[in-house]
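Peer 1: okay, sequence plus prediction incoming.
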Amino acid sequence: MADVTKARTGLLIRKLFEILQGQRDGMRAADALAALEKSVQLTAYEAGDYESGGRRFERIVRFATVSCVKAGWLVKHKGVWTVSDEGAAAFAQITDPEKFYRQAERLYWTWRKAQPAAAEDTPAEEAAETSAVITLEEAEEVAWKEIEQFLAGMPPYEFQELVGELLRAMGYHVAWIAPTGKDGGVDVIAYNDPLGTRPPRIKVQVKRNAHSPRIDVVGLRSFMAVLGEGDVGLFVAMSGFTRDAELEARQSHRRVTLLDTTKLVELWIEHYSKLEDAARRRLPLKPVWFLAAED
């Protein structure tokens, strides 16, 4: 990183924060990096590649974001980067790019020194750890993108079956899954017991198209209209939900749980051992273990 100054890194990171703050729900890392590249003029060094492979520009930015994450300014989850409230406040308060980045580094080192045995780490060990963190992030981003693409390509009815299999693994009894055609706003019905004698009844709506707009309040209310007094609603949408829809679900007197792709897959992983073999084949996953840095 000797060819990249603190001032230059600060400019890149501050521009990245500017881009991310325009996206309330965050951005995929690849999309954020692409938008950043379009908004700045890369130097010859940044535009080049490392001998070991990989573009310098992306690695420089990723390396700098590690400090921002530890400073509490940036949140990374399943390949999505989001500016935190603390990050937005720092962005507004520290307008000089270099000072902005140096403050993130100071907060990172405050965190670092508080970790067990941190004083024993050499600069080479610290650099290796940061490199491992970035490698893990990139691997997770690629894996998550593949999972999303796999689900997005799944036929709608099979996706409904996948949701039904997940409910069975969670201990619910699936009584009905909608056949092809009109479903009246309900795709799956499940109960707490095989006969459906113990409330509540669970009504599920499933929206597989990941490229559709996020489900808004109107779409959520349309689903809630089919819920009876004793029903619990489960809305599964790969496209996700707007913040207004999430707020509506929390405040409504109707009991509704919202599942986007991330939450759906997390539940699939959590209950994977309880899935039938046929169910696992719908979305086969395998864990890969990495040596993790301290949180």
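Peer 2: That came through fine.
Peer 1: roughly how far apart are residue 267 and residue 167?
Peer 2: 10 Å (CB to CB, to the nearest Å). The C-beta positions use only the backbone N, C-alpha and C, and glycine is treated the same way.
Peer 1: who has more neighbours, those two?
Peer 2: The neighbour count for residue 267 versus residue 167, taken as other CB atoms under 10 Å, is higher for residue 167 (22 against 16).
Peer 1: I'd say residue 161 and residue 278 touch.
Peer 2: No - the criterion here is CB atoms under 8 Å, and residue 161 misses it with residue 278 at 9.7 Å.
Peer 1: compare the two (neighbour count), which wins?
Peer 2: Remark: of residue 161 and residue 278, residue 161 carries more neighbours, 19 against 9, as counted by other CB under 10 Å.
Peer 1: what distance separates the helix or strand bottoming out on mean pLDDT in the chain from the centre of its chain?
Peer 2: The helix or strand of the chain with the poorest confidence is helix 123-152; it has a mean of 81 (mean pLDDT, DSSP states H and E). Chain-centre distance of helix 123-152: 13 Å, with CA atoms, centre = their mean, to the nearest Å.
Peer 1: pull out the buried residues from it.
Peer 2: Buried residues in helix 123-152, defined by neighbour count with 16 or more other CB atoms under 10 Å: 129-130, 133-134, 137-138, 140-141, 144, 147-148, 151.
Peer 1: and if you look at stretch 11-31?
Peer 2: Going by 16+ other CB under 10 Å, stretch 11-31 has these buried residues: 11-17, 19-20, 23, 26-29.
Peer 1: mind exporting the C-alpha coordinates of that stretch to CSV?
Peer 2: Provided in CSV are the C-alpha atoms of stretch 11-31 (Å, rounded to 0.1, in the frame of the first residue of the first chain):
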residue,chain,number,x,y,z
LEU,A,11,-10.8,10.5,-0.6
LEU,A,12,-11.8,7.0,-1.8
ILE,A,13,-13.4,6.0,1.5
ARG,A,14,-15.3,9.3,1.9
LYS,A,15,-16.7,8.9,-1.7
LEU,A,16,-17.7,5.4,-0.9
PHE,A,17,-19.6,6.6,2.2
GLU,A,18,-21.3,9.2,0.0
ILE,A,19,-22.5,6.5,-2.4
LEU,A,20,-23.6,4.2,0.4
GLN,A,21,-25.6,6.9,2.2
GLY,A,22,-27.7,7.2,-0.9
GLN,A,23,-28.9,3.7,-0.4
ARG,A,24,-30.9,3.3,2.8
ASP,A,25,-30.8,-0.5,2.6
GLY,A,26,-27.1,-0.7,1.7
MET,A,27,-25.5,-2.0,-1.4
ARG,A,28,-23.8,-5.1,-2.6
ALA,A,29,-20.1,-4.7,-2.2
ALA,A,30,-19.5,-5.4,-5.9
ASP,A,31,-22.0,-2.7,-6.8
